[in-house]
Every structure is written in structure tokens, then in C-alpha cells.
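Visitor: what follows is a predicted protein model with its sequence.
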Amino acid sequence: MASDAHLNELGSFLKARRAELSPRTVGLPDTGGRRVPGLRREEVALLAAISTDYYTRLEQGRIQPSASVLAALAHVLHLSDHQRDHLFELAGRQTARHRRPAAQKAQPQLRRLLDDLTASPGVVIGRRMDILAWNPLAAALLTDFAKVPEDKRNCARILFTDPSMRTLYADWRAVARGCVSHLRMTAAKYPDDPRLTSLVGELSMQDSDFGQWWGSRHVPSRSLGMKRFHHPLVGELVLDWDTFTCGSDPDQELVVWTAEPSTPSYDGLRDLASRAAGQAD
């Protein structure tokens, strides 16, 4: 248990480090108009996926944070290993070197399945909804993933930050809420994942709906269903989707969209596939 003196030191340390960072350093827009330099308390709190009140009490030395909160703050505040150890010591928590989760790569068997999917769009999704692989028809249906920087190639980020997604999906809000639910389940499984914490904080800052849905905790999640698209090239598509979990890495899923044969959506998907094949030639 940390003493009051140590918790006060912890608060001072957090405040000093917060003052050293600029919004651009942590990926936030710099809108100016700041009376004091550095990040605001509410910005640090959102990026760390905790409440502003909780973070304020931390800086006031009134509470002892959990190890998972400390890990999130160390990531948000860009602490070095030495600074991170100091943070844990001040909080009276056991110091543990943070090991970043290994970067995921699409499993070979999932890539082979993608290669065989010529009439159905498919993507491989990682633990944080990172897009690990896709086939040409998925790029034609959704977006050209190759043009998205690899560190930004994430389903949730694209869904909430790319304006075209709100017109592509006929029921964008339902799709977006399902996405938040998926992230919430992942956060419960990996509470100390700094990249996931950073993603949640970033999207909470950028989109009020995301922040509201993240806080509600009452969004159901499904692994199959139907989605309706308003595609700019082939018009309306009603597609069934399903997910297939990778046996060798349960944190990877293959998501596939299909259309019922002899329907306008089936013909539209075939048209889209022809267009995608023509662009690849």
C-alpha cells in the first residue's frame, strides 16, 4: 500500500509529465487556446480510457491506481522504462516490465482461404480489429486498404473516421455499435493492452457516439448477420456475413460477405468482382 506521501508524489509526477506533452505528440489535434502548456486532464483520461474524475483524484494523490491503469497511463504519457518503473513504485505496485504484444500477422491458412475467395469479399481481423489481410473484392466493397497506413489499418478507426463509411453502410449506427461491442469484449480479455487503450481513447476524443457507446456497456455482439450497403458503383447490396475463428490463433477471424444466388445483390457482387479483376489486370 502506497503512503500518502508517495501518492502525492505520484500526482505531481503525472502532472509534470502531462505538462511536457503536446496534443500532437499523442495524436490529438492542437486547437490552441490553452492557458497552460501540455495536455489537459480530460485528454489524458480519455486516452487512458478512465474518467476525468478518476484521473483528477490521481493527480490530487487521493487514490491508489490499479496496475492496469498505471500501464495505460505509462503508454499515454510516453514514459520510458525507467519512468514507468518509477510510476509503479510511487503507486506501491509491483514493478513489471511491460512487454508489448507481438505484432499479429495473418495466419497462412487464412491467407490461403482469402486467395480462394474470388466471388466473396473477405478480410482477416486481428485482436484489436486490426485488418491483417484482405482480398481484392473486400477492397472493392469497403475501401482500398492498401492506401491506409498500416498503423491506421483498423476496422474501428476506419468506420468512425472515414466519412464515406456513413454512406456505404445503410445502417451505420448499428454497425458502429457492434464494432464498439467487439472492442469492449477485447478490452475485457486484454485490459493491459496499451494499443487498445490508445485506440479507445483516440476514438472517444474524436467521436461522441463512440464515447457514449463505450460507456454504456450494454451493446450486444454477434458473429454473423446481414448488412445492407449503398455502394457507389453497383448500388444496393444486401449481404450476409459470417466469421470464422482461426484454430491456431483464436485472436484472428476471417470475415466473409456472401449474397444469396439469383438475387440483385448476387449480380451486383459479381459485377463488383469483375470491376475489381479489371483494375488488377
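Guide: Everything's here; your move. Bear in mind the structure is a predicted one, so any value in this text is a computation, not a measurement.
Visitor: any idea which residue sits dead centre in the chain?
Guide: What sits nearest the mean C-alpha location of the chain, by C-alpha atoms, centre = their mean, is Leu199, with 4.5 Å.
Visitor: what strand or helix carries it?
Guide: helix 194-206 (DSSP states H and E).
Visitor: mind giving me the packing neighbours of that helix?
Guide: helix 41-47, helix 67-76, helix 155-161, helix 172-189, helix 208-216 (3 or more C-beta pairs under 8 Å, 6 or more residues apart in numbering; DSSP states H and E). (Each C-beta comes from the backbone N, C-alpha and C, glycine too.)
Visitor: just the pLDDT at the closest residue to Val26 other than its chain neighbours, thanks.
Guide: Excluding the flanking residues, the one nearest Val26 by C-beta to C-beta, 6 or more residues apart in numbering is Leu47, at 6.2 Å. Leu47 is assigned a predicted lDDT (pLDDT) of 86.
Visitor: quick one, what contacts Leu47?
Guide: 26, 28, 76, 197-198, 201-202, 205 (C-beta atoms under 8 Å, 6 or more residues apart in numbering).
Visitor: what's the farthest-apart pair in these?
Guide: Greatest spatial distance in those: Leu28 and Thr197, 14.7 Å, computed using C-beta to C-beta.
Visitor: so for those two, which sits in the more crowded spot?
Guide: Thr197 (24 against 19; other C-beta atoms under 10 Å).
Visitor: report the separation between that one and Leu239.
Guide: According to C-beta to C-beta, to the nearest Å, Thr197 stands 32 Å off from Leu239.
Visitor: before we move on, the earlier item: residues near the closest residue to the residue nearest to the centre of the chain other than its chain neighbours, how many?
Guide: Excluding the flanking residues, the one nearest Leu199 by C-beta to C-beta, 6+ apart is Arg128, at 6.2 Å. Using other C-beta under 10 Å, Arg128 is surrounded by 23 other residues.
Visitor: so Arg128 touches Ala187, yeah?
Guide: No. If you go by C-beta atoms under 8 Å, Arg128 and Ala187 don't touch, sitting 9.3 Å apart.
Visitor: what does stretch 55-62 rub up against?
Guide: Here stretch 55-62 makes contact (C-beta under 8 Å, 6+ apart) with 4, 7-12, 14-15, 41-42, 44-45, 48, 63, 65, 69.
Visitor: please redo it, this time with the cut-off set to 6 Å
Guide: 7-8, 11, 14-15, 41, 44-45, 63, 65 (C-beta atoms under 6 Å, 6 or more residues apart in numbering).
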